[in-house]
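>>> When you get a sec, could you give me coordinates for this:
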Amino acid sequence: MILSKEAGTYISLDEPKSFELVQPRSVDEALRLFTEERDSAYLAGGCDLLDQLKHQWNNPRRVINLKAIDALRGQEAVSGGLRLGALTTLAELERDPVIRQRYTALALAASRVATPQIRNAGTLGGNLLQDGRCPYYRGPWRCYRAGGIVCDAHHGINTEHAIFGGDRCYIVSSSDTATALAALDATVVVQGQGGEQRLSMQQLMLSPSQDILHMHRLHDGRIMTAIELPADAGRRSHFIKYTMRNVWDFALASIAVSYRPGTRPAGWRVVLGGVAATPWRLPHVERMLEGATLDDTTIRAAALAAIESAEPLSHNAYKVALVQKLVEQALRESTS
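Okay, here's the model as predicted:
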C-alpha cells in the first residue's frame, strides 16, 4: 500500500493523475515543449518516473516522451574516447565489448542494476537522474527533501542511509552508473535554451548542503543528451556493489576505482556509492595510492583512510566496516 502525501489523506494509490503526453522528434522541440509548460517531466526509460506517476509522488501536467529522439541514442568515437547517447540502455552497456574492455567499471555497474528486464528498458541518462529512494521521502512523511522541517530518517530507521556528507538530509544516490562514471572522469553533455554545456559528475550531482530538494542540476528543464568517456590510454577500472540480494536491490555500498597500471600505479580515482547523496570521491585515498607499491600495508592503510570521516547514524554503522572491506577488495581485485 502506498500512502498519499496530500494533506489529511491516507489512501492506496496505483494510478496516475491525468496528464498530457507529448512525443517530440528533436531535443529542440522537447525543450520548447518544456518551456511552454514548466510543470512537465521528461520520460526516458520510465523505470523511475512511471513509478512516481503511478503512486502520485510526481503529478506533472505534461510528460515529454524522449524515446523518439534519435539524437539521444547510439555511440561514437570522440577524441579517442567514447560518446554515449543518454538513451543508451543499461543492457547495451552491459553487453558492449568495447565498454567491457575499455571502461570495465561502467559495464560492471550497469550489469548490477536491478533485473534483466529493467536493464532492457532503463537508460544511462535515467539511471543517473533517478530520484532518491528514501522510504520517508517517498512515503507520506513531510521530510526536509519533501518540503518539511525534519529528516525523519535521522530520527528513525536509517539502515540504508548516508554515512558521508549528511546535512539535514541523509538520502543516498541510488545510481550505480554514477559511481562508475565518476571514477572514469566522464563528462555529461547537457542542452538547454542557452545551448550546449558539459558537466563533470561532481558538477551534475547535488549534495543536501547545495540543494536539499534536488539530487541533480537538471531540474530546470535542461536535457542530458550524451555522456562522454575520455580516452582511456590503457587505464583499468573496476566496480563492486554490495547488496542484501544479488539482484534487484540498490547498493548498501559500492565502489569504483580506475588507474593507470604499472609497477607503481598512478592516476587513481576512488569513488564510493550508496553512502552519500552523490558519488563520494576519496581524494586523500587517491593521494596515498599515487605511485605507491600496492602491498598489504598500503592497501590496509588506504582502507582505513577511506572511513576516517564517516559519520554513521544509529542504524547504519555497519556501512563503515563495509566500506573498509570494499576498498580493500577493489584494490586487490583491480590490480591482480
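>>> Please settle this for me: is residue 198 part of a strand?
Yes. Judged by DSSP: H, G, I helix; E, B strand; the rest coil, residue 198 forms part of a strand.
>>> so it makes contact with residue 186?
No. With contacts counted by C-beta atoms under 8 Å, residue 198 stays clear of residue 186, the gap being 10.2 Å. Just so you know, the C-beta spots here come from the backbone N, C-alpha and C atoms, and that holds for glycine as well.
>>> hey, what's in contact with both of these two?
Residues touching both residue 198 and residue 186 (C-beta atoms under 8 Å, 6 or more residues apart in numbering): residue 228.
>>> Which one of those two is surrounded by more residues?
residue 186 (24 against 12; other C-beta atoms under 10 Å).
>>> Please name the residues that touch the more buried one.
With C-beta under 8 Å, 6+ apart, residue 186 has these contacts: 200, 201, 227, 228, 229, 230.
>>> Keep only those of those that are in strands.
Counting by DSSP state E, those place 200, 227, 228, 229 in strands.
>>> How many neighbouring residues does the third one have?
In terms of burial, residue 228 registers 17 neighbours under the definition other C-beta under 10 Å.
>>> Please spell out which residues along the longest helix anywhere in the chain are buried.
Longest helix in the chain, counting residues (DSSP state H): helix 318-335. Residues of helix 318-335 classed as buried by neighbour count (16 or more other C-beta atoms under 10 Å): 319, 320, 322, 323, 324, 326, 327, 328, 329, 330, 331, 334.
>>> Now pLDDT and distance to residue 127 too, for the residues you listed, in CSV please.
CSV is the format used below for the buried residues of helix 318-335 (pLDDT from 0 to 100; distance: C-beta to C-beta, whole Å):
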residue, pLDDT, distance to residue 127
319, 98, 22
320, 98, 26
322, 98, 22
323, 98, 22
324, 98, 27
326, 98, 20
327, 98, 24
328, 98, 27
329, 98, 23
330, 98, 21
331, 98, 26
334, 94, 22
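>>> Including distance to residue 254, could those residues go into CSV?
Below are these laid out as CSV (distance: C-beta to C-beta, whole Å):
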residue, distance to residue 254
319, 11
320, 15
322, 10
323, 10
324, 14
326, 7
327, 11
328, 14
329, 11
330, 9
331, 15
334, 14
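>>> Residue 87 touches residue 42, doesn't it?
No. Using C-beta under 8 Å, residue 87 makes no contact with residue 42, being 11.0 Å away.
>>> So for the two, which residues contact both of them?
In contact with both residue 87 and residue 42: residue 66, using C-beta under 8 Å, 6+ apart.
>>> Could you tell me which residues within stretch 270-280 count as buried?
Within stretch 270-280, the residues scored as buried using 16+ other C-beta under 10 Å are 270, 271, 272, 273, 274, 275, 276, 277, 278, 279, 280.
>>> now do stretch 102-115
102-114.
>>> and if you look at stretch 191-201?
Within stretch 191-201, the residues that count as buried by 16+ other C-beta under 10 Å are 191, 192, 199, 201.
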